[in-house]
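Student: 3D, please:
(one chain, ligands or ions: 2)
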Amino acid sequence: MSRPIINTDECSACGSCVDVCPAGVLDIVREVATVVNEESCVACGTCIEECPMGAIEDIEED
Ligand code: SF4
Ligand code: SF4
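Tutor: Numbering: from 1, shown residues only. Ligands and ions are numbered 1, 2, ... in the order given. The predicted structure follows:
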């Protein structure tokens, strides 16, 4: 299973990661990007590439 690791202190809640994720893993919850569908993450890294704040630090896989 994979999930993006989000530095919530850096997130501006722009929604870019929500928009680009092909698997619907992310949503904005209480004004911060949040993993809402962890089981669907395909570890593509697109959210990391598209975040303008550098707030998505890594994709954790286990
Ligand atoms: S790594 Fe890919 S599938 Fe996983 S949350 Fe980011 S954009 Fe979505
Ligand atoms: S793209 Fe980055 S700054 Fe924008 S909502 Fe996602 S984690 Fe937050």
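Student: Could you pick out the residues of the protein near ligand 1 for me?
Tutor: Within the chain, the residues that sit near ligand 1 (C-beta under 6 Å from any ligand atom) are 4, 21-23, 25-26, 41-47, 59. All C-beta spots, glycine's among them, are computed from the backbone N, C-alpha and C.
Student: Next step: these restricted to strands.
Tutor: 4, 26, 59 (DSSP state E).
Student: residue contacts, the last one?
Tutor: In this structure, Ile59 makes contact with 2-5, 41, 43, 45, 48, judged by C-beta atoms under 8 Å, 6 or more residues apart in numbering.
Student: From one end of stretch 24-36 to the other, what's the distance?
Tutor: 8 Å (C-alpha to C-alpha, to the nearest Å).
Student: for stretch 7-24, that is, sorry about that
Tutor: Counting by C-alpha to C-alpha, you get 19 Å between the two ends of stretch 7-24.
Student: buried stuff in it?
Tutor: Buried residues in stretch 7-24, counting neighbours by 16 or more other C-beta atoms under 10 Å, are found at 11, 13, 16-18, 21, 23.
Student: Mind picking the two most distant members of the residues you listed?
Tutor: By the measure C-beta to C-beta, Ala13 and Ala23 form the most distant pair in those, at 19.8 Å.
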